[in-house]
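Chemist: output the structure for:
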Amino acid sequence: MTVTLTRPAVAPRPVARDLVAQRRVTAYVGGGLDGALRVVAMLRGRMYRVHDLSVDVRDGVVESPVSATVSLTAAEADLLVERLRRMPVVVSADHG
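Modeler: Model (predicted):
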């Protein structure tokens, strides 16, 4: 009789890039409050888990920052920044 022993499958350790973390994403928008609301609507429409949101709209300022802390992996954060950059009201966007 032959007995074969096998090891149980071990899941690979997650790479740091795959870990969900709270990441800060900032978009600089034109169009004042309307531009900021478009970014917020996109975040809500795509069902991002936003933990913190700040909008700084001031009279006479060309660009307004919209910053959000969102639960994302690093790859998802890159995708969110790309989505933001494709929006016509967004002048620039980054995460860090």
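Chemist: this structure: helices as residue ranges?
Modeler: Under the criterion DSSP state H, the chain carries helices at the ranges 32-45, 74-85.
Chemist: how about TSV for the ones you listed, with mean neighbour count added?
Modeler: (Glycine included, C-beta is placed from N, CA and C.) TSV is the format used below for the helices of the chain (neighbours: other CB atoms under 10 Å):
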stretch	mean neighbour count
helix 32-45	16
helix 74-85	16
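Chemist: the residue lying closest to residue 43 once chain neighbours are set aside: how many residues sit nearby?
Modeler: Nearest non-adjacent residue to residue 43, counting by CB to CB, 6 or more residues apart in numbering: residue 50, 5.7 Å away. Residue 50 sits with 15 neighbouring residues when counted by other CB atoms under 10 Å.
Chemist: and residue 50, how far is that from residue 60?
Modeler: 28 Å (CB to CB, to the nearest Å).
Chemist: pLDDT on stretch 53-65, on average?
Modeler: Averaging pLDDT along stretch 53-65 yields 94.
Chemist: same deal with stretch 85-96?
Modeler: Across stretch 85-96, pLDDT averages out at 96.
Chemist: show me what that stretch is in contact with.
Modeler: 23-31, 34-35, 38-39, 42, 63, 77-78, 80-81, 84 (CB atoms under 8 Å, 6 or more residues apart in numbering).
Chemist: right, and residue 18 touches residue 73 too?
Modeler: Yes: here residue 18 reaches residue 73: they are 5.6 Å apart, a contact under CB atoms under 8 Å.
Chemist: of those two, who's got more company?
Modeler: residue 73 (17 against 12).
Chemist: any chance you could map the strands in this protein?
Modeler: Along the chain, counting by DSSP state E, strands occupy 21-29, 50-55, 64-72, 90-95.
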